[in-house]
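Undergrad: A structural model of the following input is requested.
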Amino acid sequence: MKTEVILQALEAKHPGEKEYLQAVGEVLHSIEGVYNQHPEFEKVKLIERLVEPDRIFTFRVPWVDDAGNVQVNLGYRVQFNNAIGPYKGGLRFHASVTLSTLKFLGFEQTFKNALTTLPMGGGKGGSDFSPKGKSNAEIMRFCQAFVLELWKHIGPDTDVPAGDIGVGGREIGYIYGMYKKLAGEHTGTFTGKGLEFGGSLIRPEATGFGGIYFVENMLKGKGLNIIDKTIAISGFGNVAWGAALKAGELGGKVVTISGPDGYIYDPNGISGEKIEYMLELRDSGDDIVAPYAKKYGVEFFADKKPWQQKVDIALPCAIQNELNLDDAKTLVANGVTCVGEISNMGCTNEAVDFFIEKGILFGPGKAVNAGGVATSGLEMTQNAMHISWTTDEVDAKLHQIMNDIHAQCVKYGKQPNGYVNYVKGANIAGFMKVARAMMAQGII
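TA: Numbers count the residues shown, from 1 in each chain. Now for the predicted structure:
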């Protein structure tokens, strides 16, 4: 495989899709050596097939707002790869959603799901519709219009969507209610459902919980632990909330959260009622964190990112490319020990390369944030078996899955000098599972 040749061809075919091309480039550079040890892959053009989605559905979503005006948004579902199981991945409702974003997320999801050891392929979907500022009735009408087009392409053994940015329990409830009516069945076609109708305990917390479990494993590998470590977190939604909650339970001190308006620095730590207040901030729909500073008398940094603070651990939990090379240099200069992407592709490629060059423990999103989709997989299992596990049962299974993912990354990423390149390890482990499944099933 000649990585640059493949990337140039992709760029010519998909100009301007920078997030998708970035994600593909990051994986291909990691796996090139292993790929070239398998001439059978090259013979069947496996990588050329793997980097393109199986199919993409694009559709208009007309809906009526509270004033009686017709609004029109775009809807998408990218079914990327189902070599190891039904397509699985979230729906994102945000004004920034583009096809490039969803293709990158679907590509990442393919390898992330492979790492979980559960039988799930990769997919992603969403719309440029933003729930922010909309009434519940408007959100319900949009969700119903969205699934009116999507429902015929999904199913419990075909494609199982979930939530993502802008799609929480409320949106999944509206979507699933309409799907159930259209399909005439009550199955596990969506995950992230309410506990009353098939949802799994700790699903909202799972991405953050899993991220902390992975970081804990990374630290243990260096003879360290999370107790009394200061932690910078970005975002303040479900992912950041779950991470802050679990980090505090294990003895860490989270000192930042952030939003589009800036970040707060709380040197006493975000714990107890402050964790609950994060939920209030999220549910307000204002998408800002400044009120936290006023409520608790701490400093607010407008239009800044939390990576300027001196911390032991940095955890991007918001959106892609939120931590750049300058941020990475600041963190390293301030003595950061560990960085874990709990958001998808939270760091730019340049930032990742810098962390690895400096020997910093760095965990990529496809490994660190796999706890969310892993627990979605556990929800699918519970739905298929018509049972419900306890919180402790789900949490124990999640913890074991994250331990297993960490072990796979170490297996494929440990360097001769003892440093673990988790990016390389995660990419190779996920790729080899998908590649072997594709080879076994022929050229289709």
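Undergrad: what comes up buried for the least confident helix or strand in the chain by mean pLDDT?
TA: In the chain, the helix or strand scored least confidently by mean pLDDT, DSSP states H and E is helix 273-284, which has a mean of 92. Under the neighbour-count criterion of 16 or more other CB atoms under 10 Å, helix 273-284 has 274-275, 277-278, 281-282 buried. From N, CA and C alone the C-beta is placed, and that goes for glycine too.
Undergrad: What residues of the helix or strand just after that helix count as buried?
TA: From helix 273-284 onward toward the C-terminus, using DSSP states H and E, the following helix or strand is helix 290-296. Within helix 290-296, the residues that count as buried by 16+ other CB under 10 Å are 290-293.
Undergrad: And the following helix or strand past helix 290-296, how far out from the chain middle?
TA: Proceeding N to C from helix 290-296, the next assigned helix or strand is strand 299-302, under DSSP H and E. In terms of CA atoms, centre = their mean, to the nearest Å, the centre of strand 299-302 is set 27 Å apart from its chain centre.
Undergrad: circling back to that earlier point, want to try TSV for the buried residues of helix 273-284, with distance to E216 as columns?
TA: Formatted as TSV, the entries for the buried residues of helix 273-284 read as follows, by distance: CB to CB, whole Å:
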residue	distance to E216
K274	22
I275	19
Y277	25
M278	21
L281	26
R282	25
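Undergrad: In JSON lines, list the buried residues of helix 290-296 along with distance to K152.
TA: Formatted as JSON lines, the entries for those read as follows, by distance: CB to CB, whole Å:
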{"residue": "A290", "distance to K152": "44"}
{"residue": "P291", "distance to K152": "43"}
{"residue": "Y292", "distance to K152": "43"}
{"residue": "A293", "distance to K152": "48"}
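Undergrad: Return the member of those nearest to R203.
TA: Of all the buried residues of helix 290-296, the one with the least separation from R203 (CB to CB) is Y292, at 24.9 Å.
Undergrad: can you tell me which residues contact the residue lying closest to the closest one once chain neighbours are set aside?
TA: Spatial nearest neighbour of Y292, chain neighbours left out: I264 (4.9 Å); criterion: CB to CB, 6 or more residues apart in numbering. With contact set as CB atoms under 8 Å, 6 or more residues apart in numbering, I264 has these partners: 256-258, 289-290, 292-293, 298-301.
Undergrad: got the CA coordinates for stretch 10-21 in PDB?
TA: Provided in PDB are the C-alpha atoms of stretch 10-21 (Å, rounded to 0.1, in the frame of the first residue of the first chain):
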ATOM      1  CA  LEU A  10      -9.300  10.100  -2.300                       C
ATOM      2  CA  GLU A  11      -8.800  13.900  -2.100                       C
ATOM      3  CA  ALA A  12      -9.400  14.100  -5.800                       C
ATOM      4  CA  LYS A  13     -12.500  12.100  -5.500                       C
ATOM      5  CA  HIS A  14     -13.800  13.900  -2.400                       C
ATOM      6  CA  PRO A  15     -12.400  17.400  -2.500                       C
ATOM      7  CA  GLY A  16     -13.000  19.600   0.600                       C
ATOM      8  CA  GLU A  17     -14.000  16.700   2.900                       C
ATOM      9  CA  LYS A  18     -11.200  17.600   5.400                       C
ATOM     10  CA  GLU A  19     -12.400  15.700   8.400                       C
ATOM     11  CA  TYR A  20     -13.000  12.500   6.500                       C
ATOM     12  CA  LEU A  21      -9.600  12.700   4.700                       C
END
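Undergrad: ok, of the contacts of I264, which one's closest to C143?
TA: Distance from C143 was checked for each of those by CB to CB. The minimum falls on V289, at 26.6 Å.
Undergrad: mind checking how far that closest one is from K358?
TA: Counting by CB to CB, to the nearest Å, the gap between V289 and K358 amounts to 30 Å.
Undergrad: quick one: which of those two has more around it?
TA: When V289 is set against K358 and neighbours are counted by other CB atoms under 10 Å, the residue ahead is V289, at 23 against 13.
Undergrad: backbone phi and psi for the closest residue to that one other than its chain neighbours, please?
TA: In space, V289 comes closest to G259 once its chain neighbours are excluded; the distance is 4.0 Å by CB to CB, 6+ apart. Reported as degrees, to the nearest 10, the phi and psi values for G259 are phi -140, psi -170.
Undergrad: Which of the three states applies to Q79?
TA: Of the three states, Q79 takes strand under DSSP: H, G, I helix; E, B strand; the rest coil.
Undergrad: For the closest residue to A244 other than its chain neighbours, name its beta-bridge partners.
TA: Closest residue to A244 apart from its sequence neighbours, by CB to CB, 6+ apart: V254 at 4.4 Å. The partner list for V254 in beta bridges (DSSP bridges) reads I231.
Undergrad: now do the same end-to-end measure for stretch 48-67.
TA: With CA to CA, to the nearest Å applied, stretch 48-67 spans 48 Å between its terminal residues.
Undergrad: and it, what's its mean pLDDT?
TA: With pLDDT averaged residue by residue, stretch 48-67 scores 98.
Undergrad: buried sites along it?
TA: Within stretch 48-67, the residues scored as buried using 16+ other CB under 10 Å are 50-54, 56-57, 59, 61, 63.
Undergrad: Out of the residues you listed, which sit inside strands?
TA: For the buried residues of stretch 48-67, membership in strands holds for 56-57, 59, 61, 63, with DSSP state E as the criterion.
Undergrad: what would those look like in JSON lines with distance to R170?
TA: Listed next are these as JSON lines, based on distance: CB to CB, whole Å:
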{"residue": "I56", "distance to R170": "27"}
{"residue": "F57", "distance to R170": "24"}
{"residue": "F59", "distance to R170": "22"}
{"residue": "V61", "distance to R170": "17"}
{"residue": "W63", "distance to R170": "16"}
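Undergrad: Of these, which is the nearest to T337?
TA: I56 (40.6 Å).
Undergrad: I figured that closest one hits Q79, correct?
TA: Yes: contact criterion CB atoms under 8 Å: I56 and Q79 qualify, at 7.4 Å.
Undergrad: Now do the SS call for the residue nearest to V167 when sequence neighbours are not counted.
TA: On the basis of CB to CB, 6+ apart, the spatially nearest residue to V167 that is not a chain neighbour turns out to be L91, at 4.8 Å. On the three-state scheme (three-state DSSP), L91 is labelled strand.
Undergrad: mind checking how far L91 is from Q408?
TA: Here the criterion is CB to CB. By it, L91 lies 28 Å from Q408.
Undergrad: again, but for G430
TA: G430 sits 8 Å away from Q408, taking CB to CB as the criterion.
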